[in-house]
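In: Starting from these lines, generate the structure:
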Amino acid sequence: MNFDLTNALFGLGGGILIGLSAALLLLANGRIAGISGIAGSLVALKLPATWRESALFLAGLVAAPAIYALVVSPPDIKITGSVPLLVTGGVLVGIGSRLGSGCTSGHGVCGISRLSKRSILATATFMAIAIATVTISRHLIAA
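Out: Numbers count the residues shown, from 1 in each chain. Modelled structure (predicted):
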């Protein structure tokens, strides 16, 4: 894979926007921008008082890439995994988010920036598991 300055700048811009949105949510409402918690609050049987805010936050997550695709040519995305495998992976991520009391955005972006020991440990754990999974699937199983 070759270094591409355009992709690097888009990645930098996206990272800045994620950090800015997390900081604004925390400053304006005192809430952590954990996507699993925000999504979970919408599917709960009893909607919280902030359900409109949660819905708008999630709508922004869906609208931003759609707007990006209209302005800049969308990337060529190829999904090579099987649909059952992808669904299983999604379910396992959801279970892990609940067991870990948060998701990658809550722990990795917001928790580490607040120097939360629990978030640092959670982020180190899911990064180590991700590295091990890629290493096993690409180099040991595929070989």
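In: May I see the domains of this protein written out as residue ranges?
Out: 1-77, 78-143 (automatic domain parsing).
In: Including mean pLDDT, could those go into a markdown table?
Out: What follows is the domains of the chain, written out as a markdown table (pLDDT from 0 to 100):
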| stretch | mean pLDDT |
| --- | --- |
| domain 1-77 | 80 |
| domain 78-143 | 83 |
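In: any chance of those in a markdown table, with mean neighbour count too?
Out: To be clear about C-beta, it is placed using only N, CA and C from the backbone, and glycine gets the same treatment. Putting the domains of the chain into a markdown table (neighbours: other CB atoms under 10 Å) gives the following:
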| stretch | mean neighbour count |
| --- | --- |
| domain 1-77 | 12 |
| domain 78-143 | 13 |
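In: In three-state terms, label Thr80 for me.
Out: With DSSP: H, G, I helix; E, B strand; the rest coil as the basis, Thr80 sits in coil.
In: Backbone dihedrals for it, please?
Out: Main-chain torsions, Thr80, degrees, to the nearest 10: phi -100, psi -10.
In: need the helices for the chain, in chain order.
Out: Taking DSSP state H as the criterion, the chain contains helices spanning 5-29, 35-43, 51-71, 83-99, 104, 112-113, 117-135.
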